[in-house]
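Colleague: Build me a structure from this.
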Amino acid sequence: MTAVSGASGVRRAYVVADLGGTTLRIGRIAEGAGSAESVRRVATEGLDRYRELPAQTLQDRVVGQLTRELEDYLGAPEGAGASAVGVSFAGPMTKGGTVLAGPTLWGGAAAPLPIADILTRRLSVPVVVANDITAAAWRYAAAEPEPFCLITVSSGIGHKVFRNGEVLISDSGHGGEIGHWRVDPREDALPCECGGRGHLGGMVSGRGVLLAARRAAVADPAGFGGSALAGPSAGDPAGITNEALARAVRADDAFATQVLRTCLVPLAQAVNCIFTAIGVRRYLFIGGFAVAVGHRFITLLGDELTRLGCFGLTDREIRGMLALGAADDDHCLIGMARMLARTPLLTAGTGGDV
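Modeller: This is a model prediction of the structure:
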């Protein structure tokens with residue numbers, strides 16, 4: 001998408017934020033630019049750090065942190081002169097800018113969060129908010145001539161389908177949450193951070209794969225002992241980290257690779273379902289864990305997807321549907337800036353999955 005400068009002909013500048021389950025990022029992007037500048041990164045004050053706190057307390061804490069950090073950034077030299085603020089949020093959201101849930105941010109049920117209104121009252125510039133994967137999809141919209149599905153594999157799992165110039169999602173915020181598709185119907189299935197069980201996100205996210213690796217290490221101490229993971233963790237399954245797991249998979253470590261293969265089966269089923277239902281033939285994968293594993297992630301997922309088969313496609317065509325996105329963590333920041341460039345900036349805040 002090509003951004004259009006304001007009426008004065010001067011390129012506008014935006015302050016953009018990405019509130020994720022692990023990290024809050026805030027940066028500055030000039031209109032039409034392809035990268036963010038002066039990016040600040042701080043740990044999100046949510047579920048990842050304070051699992052003992054109730055959901056509503058965590059929601060309040062996260063909103064307070066986001067507001068303070070944005071106010072501070074706007075008041076600093078790097079935020080001076082910003083035309084608007086854009087915020088991507090890790091959770092389903094209505095078109096009006098109300099967050100319906102934040103599984104990776106505060107876990108279970110909390111009050112619906114009118115984040116667009118809250119930020120508009122507190123900040124001195126127009127505000128646009130969107131779901132994080134909706135924002136990230138706009139980063140790739142100009143470069144992808146055909147419909148595509150963007151899937152993030154990070155603290156959780158999320159997806160959005162972009163087709164005919166828009167993200168496919170309802171005004172009420174439904175859709176694009178394949179991470180909460182229940183792929184394991186057993187009553188004792190792995191818990192998801194939303195409070196459900198057997199959800200794709202609880203099994204295939206970075207957190208889910210890490211849990212699977214630690215459980216596999218306990219169940220198969222001999223296999224774990226011969227793995228590259230045993231060294232950095234000092235032989236303690238609880239010491240396995242996502243970083244070490246990604247390195248081991250990249251190095252073709254047998255134990256780590258088998259853990260990931262097993263976890264990728266339901267993700268392959270999800271891709272198969274989307275393809276079969278609506279025919280999308282382009283799947284881009286972003287998110288900290290997928291990017292850390294790198295091209296091995298695509299290869300292993302392709303193995304599982306070809307085993308399943310996709311109706312009417314050859315194995316080569318199936319593998320050709322899968323690709324990694326850019327190897328950075330600025331997807332939402334760049335995408336949010338592109339959303340701002342195409343949104344009428346009025347005095348009131350706007351929000352949601354537009």
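Colleague: Every contact and neighbour count from this point should use C-alpha atoms.
Modeller: OK.
Colleague: May I have the secondary structure class of the residue nearest to E45 when sequence neighbours are not counted?
Modeller: Ranked by CA to CA, 6 or more residues apart in numbering and with sequence neighbours excluded, the top spatial neighbour of E45 is V62, at 5.5 Å. V62 carries the three-state label helix when classified by DSSP: H, G, I helix; E, B strand; the rest coil.
Colleague: Which of the three states applies to the spatially most central residue of the chain?
Modeller: Closest to where the C-alpha atoms of the chain average out (CA atoms, centre = their mean) is T152, at 4.5 Å. Three-state secondary structure (criterion: three-state DSSP) places T152 in strand.
Colleague: Beta-bridge partners for it, please?
Modeller: When bridges are taken as DSSP bridges, the partners of T152 come out as G158, I286.
Colleague: my guess is it meets T134, correct?
Modeller: No. Using CA atoms under 8 Å, T152 makes no contact with T134, being 11.0 Å away.
Colleague: Am I right that S38 is in a strand?
Modeller: Yes. Remark: S38 belongs to a strand, assigned using three-state DSSP.
Colleague: Mind jotting down where the strands sit in the stretch 251-354 of the chain?
Modeller: Along the stretch 251-354 of the chain, the segments classed as strands by DSSP state E, counting those that start in this stretch run 283-286, 322-324, 350-351.
Colleague: Among those strands, show me which one is buried the most.
Modeller: strand 350-351 (a mean of 24; mean count of other CA atoms under 10 Å).
Colleague: What mean pLDDT does that one get?
Modeller: Averaged over strand 350-351, pLDDT sits at 57.
Colleague: could you point out where the stretch 101-250 of the chain is predicted with low confidence?
Modeller: With pLDDT under 70 as the threshold, the stretch 101-250 of the chain has no low-confidence stretch at all.
Colleague: just the helices in it please.
Modeller: 115-122, 132-140, 200-204, 206-219, 221-225, 242-250 (DSSP state H, counting those that start in this stretch).
Colleague: deepest of these, which one?
Modeller: With neighbours defined by mean count of other CA under 10 Å, none of the helices of the stretch 101-250 of the chain is more surrounded on average than helix 200-204, at a mean of 29.
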